[in-house]
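Peer 1: Please find the sequence and the predicted model below.
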Amino acid sequence: MEALKSLEKKGVRVILNTRVTEVGDGFVRLSTKKFDEVTGEEIGREESTLKTGLSVWCAGTAPVSFVSQLLDQMPESARSPDGRINVDKWLRPPMKDPSLLGSVIVLGDAASAKDDDNDFLPQTAQVAGQQGAYVARMLR
């Protein structure tokens, strides 16, 4: 609850009980659970579209089907042995079309990143936080 309050205090609009069903050019489609106000039981879902200027995907603690689907569109060199996406030190995965290098950035649990000693970075919140801060500076 404290994290939610902290985000909202900073002006972040948090949408709970929602899954992303599609990401497109300038939009994200959402499917949000609807609950009965009296019983609290789920009574269905509400579909909506959110206009975006920039989409940043944040997922859970393990590769999800989105990562597998993305890997299916990438060269084999992008696939790490554990199903994550290999990235370079700038968090860029290999692309089939070299002109697209840098158009996708992968971080957190989806990324298989190495340090300067060629050791894999651990899957920890600290590493993901550092990667997130780096990407935020790049996008700013």
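Peer 2: That came through, no problem. Numbering: from 1, shown residues only.

Peer 1: Tell me which stretches of the chain form helices.
Peer 2: 2-9, 65-72, 125-139 (DSSP state H).

Peer 1: I'd like the mean pLDDT over the first one, please.
Peer 2: Okay, so that is helix 2-9. Taken as a whole, helix 2-9 carries a mean pLDDT of 84.

Peer 1: Hmm, residue 112 and residue 80 touching each other?
Peer 2: Yes. In this structure residue 80 lies within contact range of residue 112 using Cβ atoms under 8 Å: 3.6 Å. All C-beta spots, glycine's among them, are computed from the backbone N, C-alpha and C.

Peer 1: Between those two, point out the one with more neighbours.
Peer 2: Shown here are residue 80 and residue 112; by other Cβ atoms under 10 Å, residue 112 has more neighbours (21 against 16).

Peer 1: ok, that one - contacts?
Peer 2: Applying Cβ atoms under 8 Å, 6 or more residues apart in numbering to residue 112 gives the contacts 80, 82, 84, 85, 86, 87, 120.

Peer 1: that older thread, minimum distance to residue 105: which of the helices of the chain has it?
Peer 2: Evaluated with Cβ to Cβ, the helices of the chain place helix 125-139 nearest to residue 105, the distance being 5.8 Å.

Peer 1: which parts of the closest one are buried?
Peer 2: For helix 125-139, the buried set under the neighbour-count rule, 16 or more other Cβ atoms under 10 Å, comprises 127, 128, 131, 135.

Peer 1: and these as JSON lines, adding distance to residue 75?
Peer 2: Below are the buried residues of helix 125-139 laid out as JSON lines (distance: Cβ to Cβ, whole Å):
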{"residue": "127", "distance to residue 75": "25"}
{"residue": "128", "distance to residue 75": "25"}
{"residue": "131", "distance to residue 75": "22"}
{"residue": "135", "distance to residue 75": "22"}
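
Peer 1: and those as JSON lines, adding distance to residue 6 and pLDDT?
Peer 2: Shown next, in JSON lines, are the buried residues of helix 125-139 (distance: Cβ to Cβ, whole Å; pLDDT from 0 to 100):
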{"residue": "127", "distance to residue 6": "21", "pLDDT": "90"}
{"residue": "128", "distance to residue 6": "17", "pLDDT": "89"}
{"residue": "131", "distance to residue 6": "20", "pLDDT": "93"}
{"residue": "135", "distance to residue 6": "20", "pLDDT": "93"}
